[in-house]
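A.B. asks: I would like to see how this sequence folds:
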Amino acid sequence: PMNAPWSPAELPAPVCAVAARGRWAVAALTDGRLARSSDAGARWLACDSESIGAPSPALLPLPDAVLIGTARGVVRVTERDGWAPEPPVPIGVAVTALAARGAATIAGTSRAGVFRSADGGLAWEASGRGLPLGGERLRIHAASASRCGLVVAHALGVSRSRDGGRSWSSAGVGLPLQIPDAALAADSEALYVGVEGRLFRASVPTAGSVLTWIEVYDGFAAGPPLSLIGAARGALFAASTSPPSLLVSADGGM
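C.D. replies: Down below sits the predicted model:
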């Protein structure tokens, strides 16, 4: 239930990101190690492996692996290998966001736009066609996926791809002209973007329609500023710092 109490988990270091599928989960720790759980997060075991370096809050569960964004590129771990991280696939810059739709996986970077993989993160290629500046020197703040395609947020707005990340088009109608930082989340019915404490919503459009955003929460006029965390099964999750708390909305942030 949504109002169930939160139980602390014993872990050897603070967690910066978690990826889960079914009963198993993998956590990236701030000391560069991984921890795994096979009972939906009740108990955790630190993986006996080399440090992956400083991870970003970018973890992505795929059907057969978990991808982790790091300062060196993308690290891939699988249950088959005992969650031991494979050598990172070098991209050349820090990976700040990951998302997948169908057979396509994208990695947003700190200063080189978007990279694309068609083989579950084993190989990557630059994919900047249609992005501002062609993706060069472009920092990607967040990435998400829904029925309308892949979406990335960057300093100049939001871009959407409807061909598996091969090309991009502007999709920021209704958003501020500049976005210094942003978070993205998606459920089956809508996309959400959090910008400086404010929340915007766009209904998932059909394949050919324009993505248009409507502000549904003003974190300064209507209440405390919110930091968007995620969305799933009709619920929207955000964090508030005054007081520190996790907030849940069942009506799309309205």
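A.B. asks: only C-alpha atoms for contact and neighbour calcs from this point on.
C.D. replies: OK.
A.B. asks: what residue ranges in the stretch 1-150 of the chain are flagged as low confidence?
C.D. replies: Filtered on pLDDT under 70, the stretch 1-150 of the chain yields the residue ranges 1-8, 21-22, 48-51, 53-57, 81-84.
A.B. asks: Pull the number of nearby residues for the residue nearest to Phe115 when sequence neighbours are not counted.
C.D. replies: In space, and not counting its chain neighbours, Phe115 is closest to Ala126: 4.3 Å by CA to CA, 6 or more residues apart in numbering. Counted with other CA atoms under 10 Å, the neighbours of Ala126 add up to 19.
A.B. asks: cool, Ala40 as well?
C.D. replies: Count around Ala40 with other CA under 10 Å applied: 15.
A.B. asks: so it, which of the three states?
C.D. replies: Three-state assignment for Ala40 (DSSP: H, G, I helix; E, B strand; the rest coil): coil.
A.B. asks: sorry, back to before: is it correct that the residue nearest to Phe115 is in contact with Val114?
C.D. replies: Yes: here Ala126 reaches Val114: they are 6.2 Å apart, a contact under CA atoms under 8 Å.
A.B. asks: centre of the chain versus the helix or strand containing Leu67, how much separation?
C.D. replies: Using DSSP states H and E, Leu67 sits in strand 65-70. Distance, stretch centre to chain centre, for strand 65-70: 11 Å (CA atoms, centre = their mean, to the nearest Å).
A.B. asks: go on, stretch 59-74?
C.D. replies: 11 Å.
A.B. asks: neighbouring contacts of it?
C.D. replies: 17-21, 26, 28, 52-58, 75-79, 88-100, 107, 120-121 (CA atoms under 8 Å, 6 or more residues apart in numbering).
A.B. asks: Mind giving me the ChimeraX select for the residues you listed, buried ones only?
C.D. replies: Burial among the contacts of stretch 59-74 is assessed by 16 or more other CA atoms under 10 Å; the matching ChimeraX selection reads:
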select :17,18,19,20,21,26,28,52,54,55,56,57,58,75,76,77,78,88,89,90,91,93,94,95,96,97,98,99,100,107,120,121
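A.B. asks: Which residue ranges of the stretch 151-254 of the chain form strands?
C.D. replies: Residue ranges of the strands in the stretch 151-254 of the chain, as given by DSSP state E, counting those that start in this stretch, are 157-161, 169-170, 183-186, 190-195, 198-203, 214-217, 226-232, 235-241, 244-249.
A.B. asks: list the contacts for Gly108?
C.D. replies: Gly108 neighbours (CA under 8 Å, 6+ apart): Val95, Thr96, Ala97, Leu98, Val114, Phe115, Arg139, Ile140, His141, Ala142, Ala143, Val152.
A.B. asks: try 7 Å
C.D. replies: By CA atoms under 7 Å, 6 or more residues apart in numbering, the residues touching Gly108 are Val95, Thr96, Ala97, Leu98, Val114, Phe115, Ile140, Ala143.
A.B. asks: same check, this time on Ala103
C.D. replies: Ala103 neighbours (CA under 7 Å, 6+ apart): Ala118.
A.B. asks: List the beta-bridge partners for the nearest residue to Ala186 once chain neighbours are set aside.
C.D. replies: Nearest residue to Ala186 in three dimensions, chain neighbours excluded: Ala231, at 5.6 Å (CA to CA, 6+ apart). Bridge pairing for Ala231 (DSSP bridges) gives the partners Leu236.
A.B. asks: tally of neighbours for Ala231?
C.D. replies: 22.
A.B. asks: sorry, back to before: next, the angle from the next helix or strand after the strand holding Leu67 to strand 65-70.
C.D. replies: Counting by DSSP H and E, the next helix or strand C-terminal to strand 65-70 is strand 73-77. Relative orientation of strand 73-77 versus strand 65-70 (axes from the mean of the first three to the mean of the last three CA atoms, to 10 degrees): 150 degrees.
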